[in-house]
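Trainee: here you go, sequence then predicted model.
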Amino acid sequence: MNFDSNIAIYIQIMEDLKRKIINGKYKSNDKVESVRDLAIAYGVNPNTVQRSLSELEREGLLYSERGSGRFITKDETILSTCKEDYANQIIDTFINEMQNLHMDKETVLHHITRRFEEHE
Amino acid sequence: MSDTLLKIEHLNKSYGKKKVLKNVSFSCKEGGIIGLLGPNGSGKTTLLKIITGILTAYKGVVQISGNNVGNKTKSIISYLSDEPYFPDHMKVKEALHVFSDFYYDFDLNKCRQMLKRFQIETNMSLKTMSKGTKEKFQLSLVMSRNAKLIILDEPIGGVDPAAREVILDTILSNYNERQTILIATHLIAEIERIFDTVLFIKDGEIILNEQVEDLRSRTGQSVDQCFREMFRY
């Protein structure tokens, strides 16, 4: 994974793990790799990974079981909220960009509908 | 995790009239990877040589696990110097013998695995090695000791970018959380992702001592960018 050098790495790893949860690479109740394995996979310090996992745990996306590791939450509400937040972030960025192009809501929606149809 | 491994207080060192280290004070807890970052001639290697016990004439306090630098502390430090330390006629397997004999904490199997990963054959002779291969070879030896403190002076200086990745991976996957690794380098962008803490050293003085993620959050910049700003000529 290529890191953006201006953002704390633990945040970028959190985002990456969230993406993997949202797109189904991790499923509800899956076991997450150990800190050490993740650190090697991302090529970063284990304490950085530790921090990402603790934050995700604080947000409720992960839970830990003593002695057996960390797991993806079973709570479907948290999972769907996470997905929604993530989608909203992308939409907000998009709306911002469109506003910079001085496109109004109707025009943007029209374009979106058209593109959706082209994709089908 | 919370024990102090390295304590340095008011350390001063001069070569003749030239002051190389000026009132250096810092301490490190056990566990983690620390970057000692500074430009050429800032005092990095001198500081490392004092910690390892190679340079003994200095003023100030230098303690490792509560002991002053001496034979006791030397036995718990594994040191990769920036110069080659085996004669050229030696073969890899002979050097492995020397390390096995000399260090009770040397893990021969671990070393063989690392050498294999670097594609270094045991009957290879040192004089046939490129600069980069020699660095990988020495790193394998140094990383294979179960030492409390591992000190690496410019571990990726002479190798190409692809090999740097492999070396960083090797460092990450072969250290255990009870060990502390102190890495001196000026190649910051390549290596900063593996640090917990960084120390910036400028003209013999420590001018920054901070956890890297805090530094990134505080400044919105990478360690490399912070470094370039603080060391602009």
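Mentor: Cool, got the structure.
Trainee: enumerate the residues of chain A near chain B.
Mentor: Residues of chain A lying near chain B by Cβ under 8 Å from any Cβ of the partner chain: A:3, A:5-10, A:36, A:39-40, A:43-48, A:51. Using the backbone N, CA and C atoms, a C-beta is placed for each residue, glycine as well.
Trainee: filter those residues down to the buried ones.
Mentor: By the neighbour-count criterion of 16 or more other Cβ atoms under 10 Å in any protein chain shown, the residues of chain A next to chain B include these buried positions: A:3, A:5, A:8-10, A:36, A:39-40, A:44-48, A:51.
Trainee: now the two most distant members of those residues.
Mentor: Set against one another by Cβ to Cβ, those have their most distant pair in A:5 and A:36, with a gap of 24.1 Å.
Trainee: so which residue of chain B comes closest to chain A?
Mentor: Nearest residue of chain B to chain A, counting by Cβ to the nearest Cβ: residue B:222, 3.4 Å away.
Trainee: burial count for that residue?
Mentor: A count of neighbours around residue B:222, defined by other Cβ atoms under 10 Å in any protein chain shown, yields 22.
Trainee: who touches it in this structure?
Mentor: Residue B:222 is in contact with A:5-6, B:189, B:192, B:216, counting by Cβ atoms under 8 Å, 6 or more residues apart in numbering or on different chains.
Trainee: cool, and residue A:86?
Mentor: Residue A:86 sits in contact with A:18-19, A:22, where contact means Cβ under 8 Å, 6+ apart.
Trainee: for chain B, which residues are neighbours of chain A?
Mentor: Residues of chain B found near chain A, taking Cβ under 8 Å from any Cβ as the criterion, are B:32-33, B:165, B:168-169, B:172-173, B:177, B:189, B:193-196, B:212-213, B:216-217, B:220-222, B:224-225.
Trainee: scan chain A for its longest helix.
Mentor: Looking across chain A with DSSP state H, the single longest helix is helix A:76-100.
Trainee: helix, strand, or coil at the residue of chain A found nearest chain B?
Mentor: Going by Cβ to the nearest Cβ, chain B is nearest to residue A:5 of chain A, at 3.4 Å. Under the three-state scheme (DSSP: H, G, I helix; E, B strand; the rest coil), residue A:5 adopts coil.
Trainee: distance of the nearest residue to it once chain neighbours are set aside relative to residue A:106?
Mentor: In space, residue A:5 comes closest to residue B:222 once its chain neighbours are excluded; the distance is 3.4 Å by Cβ to Cβ, 6 or more residues apart in numbering or on different chains. With the distance defined as Cβ to Cβ, to the nearest Å, residue B:222 ends up 42 Å from residue A:106.
Trainee: and if you look at residue B:56?
Mentor: Distance, residue B:56 to residue A:106, using Cβ to Cβ: 79 Å.
Trainee: just checking, which helix or strand of chain B averages the lowest pLDDT?
Mentor: For chain B, the helix or strand with the lowest mean confidence is helix B:161-174, at a mean of 85 (criterion: mean pLDDT, DSSP states H and E).
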